[in-house]
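Asker: predicted model, plus sequence, below.
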There are 2 protein chains.
Amino acid sequence: MAKPPTVEDVARAAGVSRQTVSNVINTPGIVRAETRERVQRAIAELAYRPHAAARRLRTRRSSTIGIHLDPYSGGISGVILDRFVHALTERASERGMRVLIYSARSADEEIERLGGLVDGAEIDAVVVTGTFFGDPRTGWLLERDVPFVSFGRPWGGGDVQRSAHTWVDVDGASGTRAATRHAIATAGPRVGFFGWPAGSGTGDDRERGWRDAMAEAGADGPRFEAVDGLAHARDVMTAAFAEPDVLRNLDALVCVSDSHAVGAHLAAADAGRRSLPVIGFDNTPVAEALGISSIEQSPELVAAAVLDLLMGTTGHAVTPRDRESAPQHVLVEPRLIVR
Amino acid sequence: MAKPPTVEDVARAAGVSRQTVSNVINTPGIVRAETRERVQRAIAELAYRPHAAARRLRTRRSSTIGIHLDPYSGGISGVILDRFVHALTERASERGMRVLIYSARSADEEIERLGGLVDGAEIDAVVVTGTFFGDPRTGWLLERDVPFVSFGRPWGGGDVQRSAHTWVDVDGASGTRAATRHAIATAGPRVGFFGWPAGSGTGDDRERGWRDAMAEAGADGPRFEAVDGLAHARDVMTAAFAEPDVLRNLDALVCVSDSHAVGAHLAAADAGRRSLPVIGFDNTPVAEALGISSIEQSPELVAAAVLDLLMGTTGHAVTPRDRESAPQHVLVEPRLIVR
C-alpha cells in the first residue's frame, strides 16, 4: 500500500526528533515556540495526519460502535434490523463515529466477542439489538461500564421504565391501537387479531394495543395465533377460514407482523375474499408489493435516538457511570401506512 | 470503562521501565534473558494483552475490511447486498478479520471516505460493491495499492476476464439460461423476457442467457422492458396484457429481477391468468411469499469467494502489487429455485 507520510518523515523534514514531533502533536505547551512552528510547517507541507491507531492509543477512544449482525434468517422481517444498521451507519458517520459489525450465534458468544473488541479498544460503544427476557448482555455491559444503548426494551423485568440501562424502542401497542381504530372506522367493529403465541414481550405489547382499541369502541373480535413464518401463518388462516362463518363475521384483521398479514391475505384470497382488510406490522417491501397496509417502525428515527442517547452532546460515547442523569428511555411512535 | 491492564501495570509489576516491556513484546532479542522472563511472568499474571491499537501501529495492519453500505432504497432487491454483508461478517470473523461499514452517497464521496479510512489505518482492505462502467473506485484502489476485491464485474471495458483487478460476480446469463430452459421444458416454447432497458451490464448479461436458451431451442418469444420498481413493472405488464393476444401467446416469462416478476405475476392475475409461470431473479422473500420461482444468487458463496481472493492462504489481505498471480476472477453459478 502506498504509505502516507509518517511521524519520521515529519521529524526529518523539520530536523527534530520523533519525540519532538509527538510532543508538538500531543503536548505542544512543552515545546519551544520556534521548534513548534517548524514542526507544524512540516506537518502542513507533508499533509501528515496522525495515525488513527496512535490517536486511539493516546485517547483510548476508537470512536467505533460495535453492532451485532444476526445471521440472515430468510424471513421478511429481518429488513427492519438491516434498515436500522443502514441508518445507524449514516448517522454515526455524521457524528464522526464508525460502525463495526460482528457476528455471534448466541448471547454468550456475543459477550465473548464483545470482551475481545472492548479489551482491544477496537470499539468503545455498543448498540445491542434483539433484547430478550433475562438478557445477559446488558448486565455485562453495565458491569464493564461500556457505553451502550439497546434497540429494544428489557422485557419482562417489571416496570421497564425504571430499567437500569438506556434504551430506545418502538411503541408497538400504540401502532396496533392506531391500526385497530382505523380498521373499526373504515371496515367495521369486528376486527380480529392475528398474533404470536402469548409470552413474547413484543407480541403481547402489540396485542395490548388491539385490545385497548377494541375495548374503547365496545367492539369484539376473534384472536388467532401462529409462530412466525409466512407459510405457517397462511396455513393457520386457511384452516380458520375453512369455517365460513369465521370469514363472514370478520370486518378486518390486525396482525403482529407482515408475515402474518401476508399469510392471512393470501388465505382470505384463496377463500374468496381478497378484499379482506388486513393490516401488518413492519411495513416490509412484501406488504408494499401486495398493497397491504402496515405499521411502519421508522428504524431511521430509532437510529437517531440511539445516537442521541449514546453520545448526548459530548462528541463521544458516554459510559453508564459517566452519565449525569438516570438511564433514559425513548419510545418511538410508529406510523400506520394505509394502502 | 473498567480498564484492562496496561503496559504500565506490567512495568510496575516486573520492576522495569515501560520501554523494557515494549521491547520484550516487540524486540525480545535485545532484552536480557532474566529481565525478559520477569516481564513475561508479569504479562501472564496480569493477563495483559497488547492493545489492539498498539498492535496496529506496530504491524500497520488493522485486520479490518471496509465495506460501503448503500442507503436503504425501499425496494425488494437490496436484500441481496444485505445478505452478502451478513455472510461476509460471519466468514471474516472466522478468518480473524473485522468488518467496518461506511456510508457515502456517491463514488467520489466514497473515495474520500476510503482515503480517510486507509490513511488512518482504520481498514486495510476494501470490498467494493455495485461496480459500474467507468467506476473510479477500482482505479483509485489499484493506484493506492490497497487490497480489495469487488463483488461485481468492471462492466463495459472489453474483455472483462482480462480486467486489471480481482473480482467475484454471479453468472447472471447462466441463471437466466437455466430458467429459460426450465420454462420451455415445463410450460412451452413461447417464453418471454421482461428486462431492464438495454445498456446496463447486469441486465444485458441476464437477457443474453434467455436469448441463448431460446436460440438453442429454436424458440421465439416477446421482450418487454421496464426500469426497476415493482409498481412500474406491474403497470407496464398490465398495459401489455390489455392486448389479449399477448397473454394468450405467452407460455412463461423470465424476468431480470423479482420486482419485475412480482409485477408481472400481479398483472397476469389481474388479467385472469394467475397461473402464468413467471421466474424472477434474486430469490427475495417476496418471491418466496408469492410462490414465484426465482434465481438464487447465493451471496454466501460470493462472500466466501471474496475472502478467498482477498486473503489467499496468507492470513491477511494481500495488496494488488503483492499478488503472485494475475488478478483473479470468479463467477459464482446461481441456482434456479422452482416453486
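Answerer: Sure thing, it's come through.
Asker: what's the first helix or strand after the helix or strand of chain A with the lowest mean pLDDT?
Answerer: Lowest on mean pLDDT, DSSP states H and E among the helices and strands of chain A sits helix A:52-59, with a mean of 63. Sequence-wise, the next helix or strand downstream of helix A:52-59 (DSSP states H and E) is strand A:64-68.
Asker: which bits of the stretch 201-339 of chain A sit near chain B?
Answerer: Contacts of the stretch 201-339 of chain A with chain B, taken as Cβ under 8 Å from any Cβ of the partner chain, map to A:230, A:262, A:266, A:284-286, A:288-290, A:319. No exception for glycine: its C-beta is placed from N, CA and C like everyone else's.
Asker: which among those residues gets closest to B:P299?
Answerer: Nearest to B:P299 among those: A:P285, at 17.1 Å, using Cβ to Cβ.
Asker: need the residues of the stretch 201-339 of chain A next to chain B in JSON lines with secondary structure and distance to A:Y102, can you?
Answerer: Listed next are those as JSON lines, based on DSSP: H, G, I helix; E, B strand; the rest coil; distance: Cβ to Cβ, whole Å:
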{"residue": "A:L230", "secondary structure": "helix", "distance to A:Y102": "29"}
{"residue": "A:V262", "secondary structure": "helix", "distance to A:Y102": "32"}
{"residue": "A:L266", "secondary structure": "helix", "distance to A:Y102": "37"}
{"residue": "A:T284", "secondary structure": "coil", "distance to A:Y102": "25"}
{"residue": "A:P285", "secondary structure": "helix", "distance to A:Y102": "27"}
{"residue": "A:V286", "secondary structure": "helix", "distance to A:Y102": "28"}
{"residue": "A:E288", "secondary structure": "helix", "distance to A:Y102": "31"}
{"residue": "A:A289", "secondary structure": "helix", "distance to A:Y102": "32"}
{"residue": "A:L290", "secondary structure": "helix", "distance to A:Y102": "35"}
{"residue": "A:T319", "secondary structure": "coil", "distance to A:Y102": "20"}
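Asker: which pair of those spans the longest distance?
Answerer: A:L266 and A:T319 (49.1 Å).
Asker: who has more neighbours, the two?
Answerer: Using other Cβ atoms under 10 Å in any protein chain shown as the criterion, A:L266 and A:T319 rank with A:L266 on top: 22 against 18.
Asker: that one and A:R234 touch, don't they?
Answerer: Yes: counting by Cβ atoms under 8 Å, A:L266 touches A:R234, with 5.2 Å between them.
Asker: re the thing from before, closest one to B:G201 out of the residues of the stretch 201-339 of chain A next to chain B, please.
Answerer: Nearest to B:G201 among these, with distances taken as Cβ to Cβ, is A:P285, at 24.4 Å.
Asker: tell me the pLDDT at that closest one?
Answerer: You'll see A:P285 listed with a pLDDT of 80.
Asker: nearest to chain B: which residue in the stretch 201-339 of chain A?
Answerer: A:P285 (4.1 Å; Cβ to the nearest Cβ).
Asker: now for A:T35, how many residues are close by?
Answerer: 16.
Asker: surely it is in a helix?
Answerer: Yes: per DSSP: H, G, I helix; E, B strand; the rest coil, A:T35 lies within a helix segment.
Asker: for it, give me its contacts.
Answerer: A:14, A:16, A:20, A:24 (Cβ atoms under 8 Å, 6 or more residues apart in numbering or on different chains).
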